[in-house]
Structures are given as C-alpha cells and as structure tokens.
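>>> Just a sequence and a predicted model for now, questions to come.
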Amino acid sequence: MSLQPFVAAGPVIQLHIAAAVCAIVLGPLALARRSRDRWHKRAGYSWIMAMVVLSSTGLFIHSIRLVGPFSPIHLLSLLTLWQLFLGVRDARAGRIAAHRHRMQSLYALALMLTGAFTLYPERLMSRILFPDMPVTGFVVVAVLIGPGCAWWVYSISRQSIRPRG
C-alpha cells in the first residue's frame with residue numbers, strides 16, 4: 001500500500017476517496033440495525049451525507065472523458081443523488097420496504113460494484129492499494145464482489161415491493 005498517489009491527487013479526489021471510505025464503513029452499520037432504531041437513523045443519515053459528498057465530488061472528476069469532459073460515471077452520480085432523495089422520501093412516507101430495497105441497491109451497486117472498477121489496473125485506488133501488483137486488486141474484488149452481487153440480485157428478484165395501502 002502506498003499513500004503517495006492519494007497525497008499527489010487533488011483535493012476533490014481526496015474528498016471523494018474519504019467520502020467513499022466513510023460510506024463503505026457506515027453502510028453496513030445502517031443496514032444491520034433495526035429500522036427506526038436511533039443508531040440506524042444516525043448511521044443512515046451519516047451514510048447518506050457521505051454518499052452525497054461522494055456523488056457530488058464525482059461530478060467534478062473528469063479522468064475518463066467519453067463525451068467532452070463527461071463519462072457514464074457522471075450520470076451514475078446524478079442517478080445516485082436522485083435515488084438518495086427517493087430513499088429518504090420513502091422512509092419518511094412509511095414505505096419501509098421500498099426504502100430498504102433502494103438503500104440496499106445503492107450500497108451494492110452505486111458503492112460496492114462501482115468501487116470494484118476503481119481497482120482496475122492503473123486507476124488511482126489500484127495504485128494506492130496494490131502499487132506493485134496492479135491486476136491483483138481487480139481480481140480480488142471481482143472474486144469477492146461477483147458472488148455477492150449475484151446473491152443480492154437473486155435475493156431482491158424474489159422480494160416484491162408493495163406500496164402500503
């Protein structure tokens with residue numbers, strides 16, 4: 001592990017990485033607690049703030065340019081912000097199943113799955129975590145996250161989200 005690439009990165013990227021680390025740590029705390037529990041709410045709101053910072057800073061990172069300065073990651077950032085808003089709205093409206101599904105989906109897809117791609121060789125996180133073996137990070141994450149995502153997709157496909165009547 002080498003922190004030199006992190007230190008050499010700009011402040012927006014450093015904030016982006018810090019928010020990602022906070023979101024990765026806080027997510028399981030919020031997901032594991034009972035809904036309406038004080039610690040669930042605290043961890044959940046902190047996770048949402050970390051995700052807002054993560055998504056917002058992602059809009060100002062232009063290392064992958066497909067259409068001018070933009071890439072599909074920018075659309076993902078906007079979609080994540082919208083889904084966070086909808087998730088909070090679902091919880092406040094008492095649509096707990098929809099809230100749970102939306103937040104679990106955000107954690108799995110917007111955070112963990114996209115996070116796996118940050119370990120692609122020559123990307124910043126790969127250089128930070130695996131400076132001597134750049135392919136190792138991507139392989140390890142693919143092996144760990146692949147089955148987890150497959151299980152998650154299977155489990156949510158079996159659940160139905162019904163609005164409260």
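Okay, I see it. Residues are numbered from 1 along each chain as shown.
>>> show me the contacts for the residue nearest to the spatial centre of the chain.
Nearest to the geometric centre of the chain sits residue 111, at 1.7 Å (C-alpha atoms, centre = their mean). Contact partners of residue 111, counting by C-beta atoms under 8 Å, 6 or more residues apart in numbering, are 20, 23, 24, 27, 51, 54. Heads up, the C-betas are built off the backbone N, CA and C, glycines and all.
>>> what about 6 Å?
residue 23 (C-beta atoms under 6 Å, 6 or more residues apart in numbering).
>>> What of residue 6?
residue 128.
>>> would it count as being in a helix?
Yes: under DSSP: H, G, I helix; E, B strand; the rest coil, residue 6 falls within a helix.
>>> the helices in the chain, which residues?
4-8, 11-32, 38-58, 72-92, 96-105, 114-117, 124-129, 134-158 (DSSP state H).
>>> What average pLDDT does the last one get?
Averaged across helix 134-158, pLDDT comes to 72.
>>> which parts of stretch 99-113 are buried?
Of all the residues in stretch 99-113, those buried under the rule 16 or more other C-beta atoms under 10 Å are 99-104, 106-113.
>>> ah, wrong one, I meant stretch 84-98
84, 87, 88, 90, 91, 95, 98.
>>> how much space between the nearest residue to residue 13 once chain neighbours are set aside and residue 15?
Leaving aside its chain neighbours, residue 13 sits nearest to residue 61 (6.2 Å; criterion: C-beta to C-beta, 6 or more residues apart in numbering). Counting by C-beta to C-beta, to the nearest Å, the gap from residue 61 to residue 15 is 10 Å.
>>> Likewise for residue 134?
Between residue 134 and residue 15 the distance is 24 Å, computed by C-beta to C-beta.
>>> pLDDT weak spots in the protein?
65, 144-146, 148-149, 152, 156-165 (pLDDT under 70).
>>> could you redo the last one with a cut-off of 90?
For the chain, the stretches with pLDDT under 90 are 1-10, 28-38, 61-76, 101, 104-105, 108-165.
>>> Was I right to think residue 125 contacts residue 117?
No: in this structure residue 125 lies outside contact range of residue 117 using C-beta atoms under 6 Å: 9.3 Å.
>>> who's more crowded, the two?
Set residue 125 next to residue 117 and count neighbours by other C-beta atoms under 10 Å: residue 125 wins out with 20 against 13.
>>> sorry, back to before: among the buried residues of stretch 99-113, which one sits closest to residue 44?
Using C-beta to C-beta, residue 103 is the member of these that lies nearest residue 44, at 7.5 Å.
>>> now the closest one: how far from residue 39?
For residue 103, the distance to residue 39 - C-beta to C-beta - is 15 Å.
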